[in-house]
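1. How does the following fold in three dimensions:
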Amino acid sequence: MSNRLKIRLSAAVLGLTILGGLAWYLGFFAEEPEAASVAEATAALGEDDVGGGSGSSEVLTDLSGTWTVEPGDATYVGYRVNEVLSSVGDFTAVGRTSIVEGTLEAEGLTITAVSIESDLTGLTSNSKGRDGQLRKQALETNTFPQGLFVLTSPIAVDAIPAEGDVFATTATGDLTIHGETQSVQIEIEGTVQGSRLVIIGSMKIVMSDFGIEPPSAPLVASIEDEGIMELSLVFVRA
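-> All right, here's what the predicted structure looks like:
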């Protein structure tokens, strides 16, 4: 093997090592959180909190009334998108914000109104570099800090599930991100834990539908235009 070829191979190996080290430093190799799930949410609530924030032993027989989002580890809104790093590989980027407020109105077993607002400037992932870029690129959260979902069609629940059981349905509403509003359908699952109502949801989202251009960075070769929006919400009756 010629000295010139050895030098080229050594430079290539060094370059890959530097890229890999940079990717590790920025957090790209860190294991991403599992997708939002009822099991994850109820585990985050903890057995000690089953009775609700006030320790209530209330057994739900219907959903009537006004419910508010309860802050905590089980409440967040976030994204999940695939990105390709130059000469390193494919990764799933996951970012979440726990700064979420909202209300749910219900009559009997029918959810009549929902409004959920999230502060997208609070989105954090395993990469501070990625988080910083989202404030200036893509979601541009410095300019468009609010995410908003408003239900536009009532949701009828067949029955209050027994604790630990799960119901599934679809929520239709208006989603606003990046200053753009689109009608969407979110597949949701719900369960009851003590006096709390736990709602998990996810939907595919096409960034270009909301005027979002995928972010760019020296280490990132490409980012898919399609991703997943996910949410985990815990409600308590007001």
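2. At which residues are the helices of the chain located?
-> Assigned by DSSP state H, the helices in the chain fall at 3-26, 38-45, 128-136.
3. Output the last one as PDB, nothing but the C-alphas.
-> Think helix 128-136. Coordinates of each C-alpha in helix 128-136 appear next as PDB, following Å, rounded to 0.1, in the frame of the first residue of the first chain:
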ATOM      1  CA  LYS A 128     -28.900  21.100  22.900                       C
ATOM      2  CA  GLY A 129     -27.700  22.000  19.400                       C
ATOM      3  CA  ARG A 130     -30.900  20.600  17.800                       C
ATOM      4  CA  ASP A 131     -33.000  22.400  20.400                       C
ATOM      5  CA  GLY A 132     -31.200  25.700  19.700                       C
ATOM      6  CA  GLN A 133     -31.700  25.300  16.000                       C
ATOM      7  CA  LEU A 134     -35.500  24.700  16.300                       C
ATOM      8  CA  ARG A 135     -35.800  28.200  17.900                       C
ATOM      9  CA  LYS A 136     -34.400  29.700  14.700                       C
END
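4. show me the contacts for the residue nearest the centre of the chain.
-> In the chain, the centroid-proximal residue (Cα atoms, centre = their mean) is Gly78; its distance is 2.0 Å. When contacts are counted by Cβ atoms under 8 Å, 6 or more residues apart in numbering, Gly78 touches 36, 94-97, 123, 229-231. All C-beta spots, glycine's among them, are computed from the backbone N, C-alpha and C.
5. can you do 6 Å?
-> If you count contacts by Cβ atoms under 6 Å, 6 or more residues apart in numbering, Gly78 has them with 95-96, 230.
6. Export those residues to a markdown table and append columns for neighbour count.
-> Output for the contacts of Gly78, formatted as a markdown table (neighbours: other Cβ atoms under 10 Å):
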| residue | neighbour count |
| --- | --- |
| Gly95 | 23 |
| Arg96 | 21 |
| Glu230 | 22 |
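7. Switch the residues you listed over to TSV; also include distance to Glu70 and pLDDT.
-> Converted to TSV, these look like this (distance: Cβ to Cβ, whole Å; pLDDT from 0 to 100):
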residue	distance to Glu70	pLDDT
Gly95	21	94
Arg96	16	96
Glu230	18	96
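8. returning to what we had before: partner residues bridging the residue nearest to the centre of the chain?
-> Arg96, Glu230 (DSSP bridges).
9. tell me the pLDDT at it?
-> Note on Gly78: pLDDT of 96.
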